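1. okay, here's the prediction I keep looking at, along with the sequence it came from:
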Amino acid sequence: LASAPLLYAFNKLLGKHLRHAYQNYHRMYEQFGKGVLFVLQFMDLTRQRAAREFEFERQSKIIDQLAARGISLGVINSVYTQTNTMLVTVSGVIIIIAGGYTVASGRMSLGELIAYFSAVVLLRRQVTTVLSFIPKAMEADESLSTLMKMIESKELEPYSGKKAIDFSGHIKLTNVTFKYSNATTPIFSNLNLTVLPGTCSLVIGDNG
């Protein structure tokens, strides 16, 4: 009972850091998965646009960040688990010392101390099991939260009726310039284009 407040305070404090570490790791892992999917889907386009070095550098940074967050998560998880184990063990040692003192002072028999400590050992196993389950529960909760966001997201169904959409405007580009961040020459610069309804316009360049 004396060690319970200490265990609670420790789990409350470090549990926040552990949950935050799981959130950061999951977000980074999702970004890594999206990056891999992007590379597979647009591999040909990346080669055609001569952006292989740019894409390789971008994905390398994501992998490095994922590795760093994985290491950070592992460290916090290990500290959390080992400290909980240490606190439970220290509680057992304190019980032995206090029990030995009560036996020496004649307020408790040796048999009573052994019986009490046997019960404590059984309880300690259950407490250790529960404490070791908390990080797994945090990770599962984070994964379920991500899945629930996907399930609860309400995307609008595409228009499938036969009624013509009321659109009588036009699209206009004025002095538009685009280049990659590591490129010196823009793909196009000062592009001016007006696309009227019912017309087709083509922008043709060296990249096809």
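-> Thanks, I have it. On a predicted model such as this, the values are computed, not experimentally measured, just so you know.

2. now Phe178: phi and psi?
-> phi -140, psi 140 (degrees, to the nearest 10).

3. dump the residue contacts of Gln23.
-> Neighbouring residues of Gln23 by CB atoms under 8 Å, 6 or more residues apart in numbering: Glu142. For every residue, glycine as well, the C-beta is placed using N, CA and C.

4. from Leu7, how far off is Glu84?
-> Check again: residue 84 is Asn, not Glu. 7 Å (CB to CB, to the nearest Å).

5. the residue nearest the centre of the chain is in what secondary structure piece?
-> What sits nearest the mean C-alpha location of the chain, by CA atoms, centre = their mean, is His26, with 1.8 Å. Per DSSP states H and E: His26 is located in helix 4-41.

6. contact partners for the residue nearest to the centre of the chain?
-> Per CB under 8 Å, 6+ apart, neighbours of His26: 142-143, 146.

7. state the distance from it to Ser143.
-> For His26, the distance to Ser143 - CB to CB - is 7 Å.

8. picking that back up, confidence score at the residue nearest to the centre of the chain?
-> For His26, the pLDDT comes out at 86.

9. can you check Met108 too?
-> 83.

10. so it, which of the three states?
-> Following DSSP: H, G, I helix; E, B strand; the rest coil, Met108 is assigned to coil.

11. now for it, how many residues are close by?
-> If you count neighbours by other CB atoms under 10 Å, Met108 ends up with 16.

12. verify the stated contact: it with Ala98.
-> No: contact criterion CB atoms under 8 Å: Met108 and Ala98 do not qualify, at 9.8 Å.

13. in the chain, which spans are helices?
-> 4-41, 43-48, 52-104, 110-152 (DSSP state H).

14. tell me which of those helices sits nearest to Ser201.
-> helix 43-48 (21.0 Å; CB to CB).

15. where does the prediction get shaky in this structure?
-> 155-159, 165, 167, 206-208 (pLDDT under 70).

16. how about a cut-off of 90?
-> When residues are selected by pLDDT under 90, those of the chain lie in 1-59, 62, 66, 69-70, 72-173, 178-189, 191, 193-208.

17. for Thr199, find the nearest of the helices of the chain.
-> It's helix 43-48; of the helices of the chain, that one is closest to Thr199 (CB to CB) at 26.4 Å.

18. return every residue with contacts to both of Asn84 and Leu7.
-> Leu131.

19. Phe10: neighbour count?
-> 15.

20. again but with Ser160, I slipped
-> 5.

21. do the same with Ala140
-> 12.

22. in PyMOL, how would I select the buried members of the contacts of His26?
-> To isolate the buried subset of the contacts of His26 in PyMOL, counting by 16 or more other CB atoms under 10 Å, use the following:
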select buried, resi 142
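
23. ok, so of the contacts of His26, who is nearest Leu37?
-> Taking these together and measuring to Leu37 by CB to CB, the closest member is Thr146, at 16.0 Å.

24. tell me the contacts of that closest one?
-> 26, 30.
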